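S.K.: Predicted model, plus sequence, below.
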Amino acid sequence: MKRKLSIAVTGLNAIDSPGPGIAVIRGLREASSFNVRIIGLAYESLEPGIYMHDLVDRTYQIPYPSAGTDTLLLRLKYIHSREKLDVIIPNFDAELYPFIKLSPGLRKMGIHTFLPTVNQFEERQKANLNAFGEKYNLKVPRSKTLFEAGTAQSPGMEFSYPVIVKGKFYDAYTAYNSDQVRTAFNKINSRWGLPVIVQEFIHGTEFNVTGLGDGKGNTIAAVAMRKQYITEKGKAWGGITIADEVLLAMTRKFLKNTRWRGAFELELMKTGTGEIYLLEINPRMPAWIYLAVGVGQNIPEALVRLALGEKITPHHDYKVGQMFIRYAWDMIVDRSEFEQISLYGEL
Amino acid sequence: MNWFEPAFSFTFVPENVFLMKIDKNIAISESGLIFNPVNGESFSVNPVGLEIIRMIREEMPVDEICRVILERFTVDASSFDKDFHDFVSRLKQHGLIAEESHEAKA
């Protein structure tokens, strides 16, 4: 009989720009080495995962990262007293830092995580990508960090238009002149704050790789995907697994050189001449992680086992040419459930 | 998805005799859907294009491919020449085939 683990998961916002939580939970529910009780951790009352009772057993609201780690820890202690958590899997970029900081304390409480180190988390930040590429011998697009709108005129002087204007956590716009850079800067600044990053535009085909590093330089899992259907927000709504050995070799190099600990998603651009640029490193599982599960690499399960300190056999193969196609689904929810989560923060 | 829709028609045997090689990992379905697993691109070819791709996969030299097609279809030489080379160049452009040798297969 399989053991039962109590696993808390964030990112239940299965919306048009989805968080990875629901896909992660699907992977956990299909794990062959354990059964799960899933505890959803939500920020907003309308995150769809809260109401998906076949996937999420119980949900608790947690405070936004801006409330500080003490407030978050207090809430997690309460949830732990009720649910006896074994593992927490945070899935948002913006919440990772507090969870990383809290990890040692959580471990003392008996709660396991498997997250990048503070140093790994910081040095792969978009604003630090140039230095990151240099340090680990990885090709990255040139970029410039902007802290005020006045400097938004200059990037085009340093590398030619178009450029990509990015927020530190989310959002990206293509700008063809300095006016558009300024507009994008203001949009991103008002939503995500500073700094804003201006990045050289690399022409080519974009690919994504998700995977898992054990923190010792080993690749535990890696699956490459090409987006086939992209929403206006640039999110993959459909994709297909591919077998590009060059991309996978770069992924292994990334893991070996950085000794990455935890799950990740690499955003890569392959130019017409076959050069691979690392555009971005997301320090968590992507919303399309269920594709990896579906093709034979259950990354959420492997992450949990690493978090628990178990020795696991790395995944080497996956089924190529398998697609994921996302869809929207309307649930009918009784108002009382909305009241319960809104007023009491639990459902 | 990109669509290859070459309209083949011919009565012509080309002078150049060379081999083309299709990547062994390229998936080709019975209905003519071609999937390149390296970059995730998919294409659809018509039955004549599918026949040609199958012969390339079997490593038949170009003159042999032409002979087989000419036996099955009645077409004029210039149309075939143009369409065939256009088709091949598009296959190369998408990284589906590479020229292996300028000598005929023994």
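M.R.: Right, received. Where do you want to start?

S.K.: going forward, measure contacts between C-alpha atoms and count neighbours the same way
M.R.: OK.

S.K.: Give me the secondary structure label for the residue nearest to residue A:197 when sequence neighbours are not counted.
M.R.: Once flanking residues are discounted, residue A:197 sits nearest to residue A:145: 4.6 Å by C-alpha to C-alpha, 6 or more residues apart in numbering or on different chains. Secondary structure assignment for residue A:145 (DSSP: H, G, I helix; E, B strand; the rest coil): strand.

S.K.: How about the contacts made by residue A:145?
M.R.: A:127, A:195, A:196, A:197, A:198 (C-alpha atoms under 8 Å, 6 or more residues apart in numbering or on different chains).

S.K.: So in chain B, where's the weakest helix or strand by average pLDDT?
M.R.: Lowest mean confidence among the helices and strands of chain B (mean pLDDT, DSSP states H and E): strand B:2-3, at a mean of 43.

S.K.: just for the chain, where's the confidence low?
M.R.: Unless you meant another one, I'm taking chain A. A:149-158 (pLDDT under 70).

S.K.: That was the other one, I meant chain B.
M.R.: For chain B, the ranges with pLDDT under 70 are B:1-19, B:76-77, B:99-106.

S.K.: Could you pull out the helices in chain B for me?
M.R.: B:47-57, B:62-72, B:77-93 (DSSP state H).

S.K.: For burial, what's the neighbour tally of the residue of chain B found nearest chain A?
M.R.: Closest to chain A within chain B is residue B:38: 4.4 Å, counting by C-alpha to the nearest C-alpha. Using other C-alpha atoms under 10 Å in any protein chain shown, residue B:38 has 21 neighbouring residues.

S.K.: Need the phi and psi values for residue 58.
M.R.: This is for chain A. Main-chain torsions, residue A:58, degrees, to the nearest 10: phi -150, psi 150.

S.K.: wait, I meant chain B there
M.R.: With angles defined as degrees, to the nearest 10, residue B:58 sits at phi -80, psi 10.

S.K.: same deal with residue A:178?
M.R.: Torsion angles, degrees, to the nearest 10, at residue A:178: phi -70, psi -30.

S.K.: thought the residue of chain B closest to chain A was touching residue A:244?
M.R.: Yes: counting by C-alpha atoms under 8 Å, residue B:38 touches residue A:244, with 4.4 Å between them.

S.K.: And for residue 92, nearest residue in space, chain neighbours not counted?
M.R.: Here I'm looking at chain A. Excluding the flanking residues, the one nearest residue A:92 by C-alpha to C-alpha, 6+ apart is residue A:11, at 6.4 Å.

S.K.: that answer is for a different chain, and I need it for chain B
M.R.: residue B:98 (6.2 Å).

S.K.: Pretty sure the one you found sits against residue B:56.
M.R.: No: using C-alpha under 8 Å, residue B:98 is not in contact with residue B:56, being 10.3 Å away.

S.K.: any residues in contact with both of these two?
M.R.: Residues within reach of residue B:98 and of residue B:56 at once, by C-alpha under 8 Å, 6+ apart, are B:20, B:21, B:22.

S.K.: What number of residues are in the vicinity of the last one?
M.R.: Okay, so that is residue B:22. Neighbour count of residue B:22, defined by other C-alpha under 10 Å: 22.

S.K.: Ok, residue A:284 next?
M.R.: Number of residues near residue A:284 (other C-alpha under 10 Å) recorded here: 24.

S.K.: cool, and residue A:333?
M.R.: For residue A:333, using other C-alpha under 10 Å, the count is 11.

S.K.: Next, residue A:180: secondary structure please.
M.R.: Taking three-state DSSP, the label given to residue A:180 is helix.

S.K.: what's it in contact with, if anything?
M.R.: No contacts exist for residue A:180 under C-alpha under 8 Å, 6+ apart.

S.K.: Tell me the residues of chain A that contact chain B?
M.R.: A:225, A:226, A:240, A:241, A:242, A:243, A:244, A:245, A:320, A:321 (C-alpha under 8 Å from any C-alpha of the partner chain).

S.K.: among those residues, which are in helices?
M.R.: Counting by DSSP H, the residues of chain A next to chain B place residue A:245 in helices.

S.K.: possible to save the residues of chain A next to chain B as a markdown table with neighbour count and distance to residue A:58?
M.R.: As requested, the residues of chain A next to chain B are exported to a markdown table (neighbours: other C-alpha atoms under 10 Å in any protein chain shown; distance: C-alpha to C-alpha, whole Å):
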| residue | neighbour count | distance to residue A:58 |
| --- | --- | --- |
| A:225 | 29 | 32 |
| A:226 | 22 | 34 |
| A:240 | 21 | 33 |
| A:241 | 27 | 33 |
| A:242 | 28 | 36 |
| A:243 | 21 | 38 |
| A:244 | 18 | 40 |
| A:245 | 11 | 41 |
| A:320 | 19 | 35 |
| A:321 | 20 | 36 |
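
S.K.: Just the ones of the residues of chain A next to chain B in strands?
M.R.: Residues of the residues of chain A next to chain B located in strands (DSSP state E): A:225, A:226, A:240, A:241, A:242.

S.K.: so which of those residues comes closest to residue A:331?
M.R.: residue A:240 (27.4 Å; C-alpha to C-alpha).

S.K.: ok, for that closest one, nearest residue in space, not its chain neighbours?
M.R.: residue A:323 (4.2 Å).

S.K.: Could you pull up the residues touching the one you found?
M.R.: Residue A:323 sits next to A:238, A:239, A:240, A:241, A:291 when contact means C-alpha under 8 Å, 6+ apart.

S.K.: about what we covered before: between the residues of chain A next to chain B, which sits nearest residue A:185?
M.R.: residue A:226 (28.5 Å).
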